[in-house]
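> Sequence and predicted model, in that order:
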Amino acid sequence: MPNRMTCNEEDETWLSSTQKKIPICIFFKDLRNVFKLDELGLEIARIAFPAALALTADPIASLVDTAFIGRIGPVELAAVGVSIALFNQVSRIAIFPLVSVTTSFVAEEDAVGSENLDDAQETDNLETGSSGVNRENKELIQYESDDNGNKVKTVRTSFEIAKPGPQRRHIPSASSALVIGAILGLVQAVLLIVAAKPLLNFMGVKSDSPMLTPAKQYLTLRSLGAPAVLLSLAMQGVFRGFKDTKTPLYATVAGDMTNIVLDPIFIFFFRMGVSGAAIAHVISHLIKEVELLPPSMKRLKFGRFLKNGSLLLVRVIAVTFCVTLAASLAARLGSNQMAAFQVCLQVWLTSSLLADGLAVAGQAILAGAFAREDQDKAMAVAARVLQLGLVLGLILCVLLGVGLRFGAKLFTSDANVLHYISIGIPFVAGTQPINSLAFVFDGVNFGASDFAYTAISLVMVAIVSILCLCQLSSSYGFVGIWVALTIYMSLRALAGFGRIGTGTGPWRFLRS
């Protein structure tokens, strides 16, 4: 009898065919399995969960800094807010292209290298007539004594199993990332230390502002840790490419726990104020470098890094300028508004970075799938991480909407600052689903090595967002800044959707 398909099988076949013709349908692929811990679900969880914890560890450490400094006074809180915003945005210009390119390149080289090793092993097995192990038949010649005491040669047969030893693969992108990270870290440290005052002036902290002195102290001291920051994050990109996100997590947690312990000691016990907070942060990043391995200088691939890194550099400058401009506009409104903006921004970024764990998982797995030309795996991974990203965003929206109203007093007791924080809460909470999708879309596009599109699209988004920031902040002040940031993240998510949703670029196969 001919096999008959059940109704469910027919529906799945029709849906699969529809998804091939209408790319947007990929978002609904295997929707009922979104929480299923199958092979794909477990692979995503193994990468995403440690990555999310590692990514949020540093912002949490910054939140701890913010909470301790907020006890000193609103001026110091606002000053450190400006310095952290400036340091983070300058760091992102170097970090984001480096980590993103490293993750994709290492994942591709690892996937291709694994495939080549498997092929080579299979060829060796065929040539030796074995399957999986190398068996050798050996004669063991022994001499035994007979009854008269004479030695007699005896022959015995023995089978030995020779297990192949571990083979090391060359991953040139790993060494390249470490060398570039060290160079960029030194350049960033020199730039921020030498140009601290003019950069803070650009951020809205004028020469007669009470925020200038503590802001300059914090920025100068924290900049000493820039090389350690860049190297640790370059290593994170390497480990992510190998789909190992646990090792960076251990190093990050060790460093940030050190920061949390040292903060009150330096700030209050030694009465060093904001300088103590900066020193604690620098020491925490030095702790993260304990496990750093020296790179091999052979077979470096600077050309490939520079080509694709320059595309992401354009992108991250556009993104950085939007957030930095928002912080600068908030600083111009006054110390109370800036202090509130600092708290809201840190919570906004920290919670949103949880979705970046899913982005890391999607990027690492997709890079390997595209390197192997496994289109079915690429579709399944993209669909699953996007669905999980939306769910995560909705959960964060509820948690922050309720929790931040009670948790704001952990950061400051100043009534004016708390008032402005309460104004920012609806924006911080309400944009979480949009933020989550925007981050995951980034990971999906990076996994497909679609760096040119992500750069061009974000430049266009930044131009519109900058115009909105300038116009809305001048008209509506603090509220206008958050409305503009909401528009910015919405456009960013829409730009990320553009490629996979229309089946263009690396996702052309969705239409075939």
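Yep, that arrived.

> just checking, S474 touches A484?
No: counting by CB atoms under 8 Å, S474 sits too far from A484 to count as a contact (10.7 Å). In short, each C-beta sits where N, CA and C put it, glycine included.

> More neighbours: which of those two?
Taking other CB atoms under 10 Å, S474 and A484 do not tie; A484 has more neighbours (24 against 11).

> just checking, what packs against the helix or strand containing the more buried one?
Secondary structure assignment for A484, by DSSP states H and E: helix 451-502. Under the contact definition 3 or more CB pairs under 8 Å, 6 or more residues apart in numbering; DSSP states H and E, helix 451-502 sits against helix 302-333, helix 335-371, helix 415-430, helix 432-447.

> in the longest one, what's buried?
Just to be clear, that refers to helix 335-371. Of all the residues in helix 335-371, those buried under the rule 16 or more other CB atoms under 10 Å are 335-371.

> Starting from that helix, tell me the next helix or strand along the chain.
helix 375-407.

> Tell me where the model's unsure across the stretch 1-150 of the chain.
Within the stretch 1-150 of the chain, the segments meeting pLDDT under 70 span 1-21, 58-59, 113-150.

> Strands of that one, start to end?
Using DSSP state E, counting those that start in this stretch, the strands of the stretch 1-150 of the chain run over 134-145.

> so for the helix holding A484, what's the average pLDDT?
For helix 451-502, mean pLDDT is 93.

> Same question for stretch 224-241.
82.

> and it, how far out from the chain's middle?
11 Å (CA atoms, centre = their mean, to the nearest Å).

> got it, and stretch 48-67?
In terms of CA atoms, centre = their mean, the centre of stretch 48-67 is found 12 Å from the chain centre.

> and what of stretch 264-277?
Chain-centre distance of stretch 264-277: 30 Å, with CA atoms, centre = their mean.

> Kindly report the same for stretch 218-236.
16 Å.

> Tell me what angle the helix holding A484 forms with helix 302-333.
80 degrees (axes from the mean of the first three to the mean of the last three CA atoms, to 10 degrees).

> Can you check what angle separates the longest helix along the chain from helix 415-430?
Counting residues, the longest helix found in the chain (DSSP state H) is helix 74-128. Counting by the same axes, to 10 degrees, helix 74-128 lies at 30 degrees to helix 415-430.

> Could you number the chain from 57 rather than 1 from now on?
Sure thing, new numbering starts at 57, so read that last one as helix 130-184.

> Next up, the contacts around G561.
Shown in contact with G561 (CB atoms under 8 Å, 6 or more residues apart in numbering): 504, 506, 509, 555.

> do that again at 6 Å, thanks
506, 509, 555 (CB atoms under 6 Å, 6 or more residues apart in numbering).

> for S546, same thing?
By CB under 6 Å, 6+ apart, the neighbours of S546 are I490.

> what does the one 3 residues further on give?
Listed by CB under 6 Å, 6+ apart, the contact set of A549 reads 490, 493-494.

> coming back round to it: same for the longest helix of the chain, what does it pack against?
On a contact count with 3 or more CB pairs under 6 Å, 6 or more residues apart in numbering; DSSP states H and E, helix 130-184 meets helix 95-126, helix 228-250, helix 268-279, helix 282-297, helix 358-389, helix 391-427.

> who wins for proximity to V309 among the ones you listed?
Nearest to V309 among the helices and strands packed on helix 130-184 is helix 95-126 (5.9 Å), distances taken as CB to CB.

> thought V399 was touching F467?
Yes: using CB atoms under 6 Å, V399 is in contact with F467, at 4.7 Å.

> follow-up on the earlier one: worst mean pLDDT among the helices and strands packed on helix 507-558?
Minimum mean pLDDT among the helices and strands packed on helix 507-558: helix 358-389, a mean of 81.

> Pull out the buried residues from it.
361, 364-365, 367-389.

> Distance check, the spatially closest residue to R461 that is not a sequence neighbour against V138.
Distance criterion CB to CB, 6 or more residues apart in numbering; nearest residue to R461, sequence neighbours excluded, is I481 at 6.2 Å. Distance check for I481 against V138: by CB to CB, to the nearest Å, it reads 22 Å.

> do the same with D470
17 Å.

> which of the two has more neighbours?
V138 (29 against 18).

> Isn't the more buried one up against A271?
Yes: counting by CB under 6 Å, V138 touches A271, with 5.2 Å between them.

> Overlap of the contact sets of these two?
V261.

> Number of residues surrounding the closest residue to A436 other than its chain neighbours?
Nearest residue to A436, sequence neighbours excluded (CB to CB, 6+ apart): L96, at 5.8 Å. Neighbourhood size, L96 [other CB under 10 Å]: 18.

> How much space separates L96 from R102?
Taking CB to CB, one finds L96 at 11 Å from R102.

> Specify the angle between the helix holding A540 and helix 391-427 in degrees.
Using the same axes, to 10 degrees: helix 507-558 against helix 391-427 is 80 degrees.

> re the thing from before, okay, the contacts of A549 in CSV with distance to V243 and neighbour count next?
Putting the contacts of A549 into CSV (distance: CB to CB, whole Å; neighbours: other CB atoms under 10 Å) gives the following:
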residue, distance to V243, neighbour count
I490, 34, 21
L493, 34, 23
A494, 29, 26
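
> which among those residues gets closest to I151?
Of all the contacts of A549, A494 has the smallest distance to I151: 17.9 Å, by CB to CB.

> residues in contact with that closest one?
Here A494 is in contact with 545, 548-549, 552 (CB under 6 Å, 6+ apart).

> can we see that at 10 Å?
408, 411, 415, 445, 449, 487, 517, 544-553 (CB atoms under 10 Å, 6 or more residues apart in numbering).

> how many neighbours does L280 have?
17.

> for stretch 283-294, which positions count as buried?
Those would be 283-294, for stretch 283-294 by 16+ other CB under 10 Å.

> Pipe those residues into a markdown table and attach distance to K92 per row.
A markdown table is the format used below for these (distance: CB to CB, whole Å):
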| residue | distance to K92 |
| --- | --- |
| P283 | 43 |
| A284 | 40 |
| V285 | 38 |
| L286 | 38 |
| L287 | 38 |
| S288 | 34 |
| L289 | 32 |
| A290 | 35 |
| M291 | 32 |
| Q292 | 28 |
| G293 | 29 |
| V294 | 30 |
